[in-house]
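Visitor: Compute the structure for the input listed below.
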Amino acid sequence: MNQTVTIQPGGIEIEVLEGETVLEAGLRRGLSLPHSCRSGSCMACIATLTRGEVFYRHGPPLGLSEADKSAGRLLMCQAEAAGPLEIEAMTVAAAGVAALKRLPCRVEKLEKLCHDVMGLWLRLPPIGHLGFRAGQYLDFVLPDGDHRSFSIANPPHDADMLELHVRRVPNGAFSEFVFEELRPRQLLRMMGPLGNFYVRGESMRPLLMVAGGTGIAPIQSMLLDLVHRKDPRPVVLYWGVRARRDLYRHELLQALADANSGLKYVPVLSEPAESDNWSGRVGLVHEAVLDDHEELREFDVYLSGPPPMIDAARDAFSPRGMREERLYFDAFDFSPRVQAALESSG
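Guide: Numbering: from 1, shown residues only. Prediction:
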């Protein structure tokens with residue numbers, strides 16, 4: 001049964017369809033609601049329940065503490081309405097980006113970028129221009145109604161095809177499908193553009209970008225867009241991966257840095273193999289940032305990667321002067337179903 005949710009401040013009413021989360025309903029309506037991982041881990045979509053009751057189809061989100069629950073906090077990316085609701089959200093505004101679209105797309109190309117990352121290129125129908133901002137993502141809509149989220153790696157000015165980076169994950173039915181079964185010319189259904197992760201244009205402060213693993217995908221889109229627009233802001237990019245083989249976009253990023261004096265690129269390996277003969281930076285990516293920068297108050301900070309990396313960076317950067325209002329992040333995480341499968345498998 002469909003339910004009505006009133007979002008304060010502003011008294012905006014949205015209809016939540018049966019089986020739809022509060023966040024999904026708000027995005028479908030065209031609202032800009034704070035969110036990132038969409039799996040209940042990053043806490044970006046936290047809101048306060050002032051009237052009504054919610055339930056969680058996949059169980060209570062791990063990110064919500066008992067104190068949060070007692071205070072009426074909810075996570076919009078997981079909460080479904082059990083009846084009419086009223087909530088208070090951190091920010092609610094009409095999205096200044098293209099309207100959310102549901103479109104078919106055709107697989108144009110598949111290319112293995114490294115041992116566990118597949119590059120996936122999609123072509124939209126002629127009337128299906130997405131109008132995304134660099135850094136946003138799309139959702140694949142699966143036959144069972146579930147969604148899988150992937151950041152768009154190409155920039156908006158080069159959008160004849162959409163480039164995605166799909167990492168193979170244990171017990172990940174969709175990633176296994178991409179690696180083992182998906183073929184060129186097959187059709188998929190997608191929804192987008194989604195997300196609040198994009199470079200803010202109102203500031204001329206230097207940009208600090210930190211990516212972990214396939215978190216480089218939205219950062220790649222941002223960098224290509226900044227270069228294309230001849231944005232004058234200096235950019236420092238740190239990309240953290242485990243070993244040399246995981247730096248699947250190293251040549252592209254190094255070429256961008258070589259051609260643009262305002263861009264500095266620092267790859268960091270956490271566990272380089274002996275055969276890598278690696279002479280570059282070693283360790284955790286956020287620690288490399290701390291080694292290079294005594295002060296971070298001058299930067300707008302963009303983080304993209306797994307929630308543990310984002311949490312570690314936030315905790316470490318704040319004492320160095322990073323201001324929370326200048327922090328933007330995109331937390332990559334498993335879907336609730338995959339997370340449950342991982343936990344049950346030990």
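Visitor: how about the strands in the stretch 201-346 of the chain?
Guide: Using DSSP state E, counting those that start in this stretch, the strands of the stretch 201-346 of the chain run over 207-212, 235-241, 263-269, 281-282, 300-305, 327-331.
Visitor: Same list (those strands) but as a markdown table, adding mean neighbour count.
Guide: Bear in mind the C-beta positions are built from the backbone N, C-alpha and C, glycine included. Shown next, in a markdown table, are those (neighbours: other CB atoms under 10 Å):
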| stretch | mean neighbour count |
| --- | --- |
| strand 207-212 | 26 |
| strand 235-241 | 24 |
| strand 263-269 | 20 |
| strand 281-282 | 16 |
| strand 300-305 | 25 |
| strand 327-331 | 23 |
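Visitor: Mind checking these for the one nearest to residue 252?
Guide: Closest approach to residue 252 among the strands of the stretch 201-346 of the chain is made by strand 263-269 (9.9 Å; CB to CB).
Visitor: packing partners for that closest one?
Guide: strand 235-241, helix 250-259, strand 281-282, helix 285-292 (3 or more CB pairs under 8 Å, 6 or more residues apart in numbering; DSSP states H and E).
Visitor: try 10 Å this time
Guide: Applying 3 or more CB pairs under 10 Å, 6 or more residues apart in numbering; DSSP states H and E, we find strand 263-269 packed against strand 207-212, helix 216-228, strand 235-241, helix 250-259, strand 281-282, helix 285-292.
Visitor: Out of the strands of the stretch 201-346 of the chain, the one nearest residue 79 is which?
Guide: Minimum separation from residue 79 across the strands of the stretch 201-346 of the chain (CB to CB) falls at strand 327-331, 17.7 Å.
Visitor: That closest one to helix 216-228, inter-axis angle?
Guide: Inter-element angle recorded for strand 327-331 and helix 216-228: 140 degrees (by axes from the mean of the first three to the mean of the last three CA atoms, to 10 degrees).
Visitor: Can you list the strands that strand 327-331 pairs with?
Guide: strand 300-305 (parallel) (DSSP bridges).
Visitor: returning to what we had before: any chance of the helices and strands packed on strand 263-269 in JSON lines, plus distance to residue 177?
Guide: Formatted as JSON lines, those follow (distance: least, CB to CB, whole Å):
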{"stretch": "strand 207-212", "distance to residue 177": "24"}
{"stretch": "helix 216-228", "distance to residue 177": "19"}
{"stretch": "strand 235-241", "distance to residue 177": "24"}
{"stretch": "helix 250-259", "distance to residue 177": "27"}
{"stretch": "strand 281-282", "distance to residue 177": "35"}
{"stretch": "helix 285-292", "distance to residue 177": "30"}
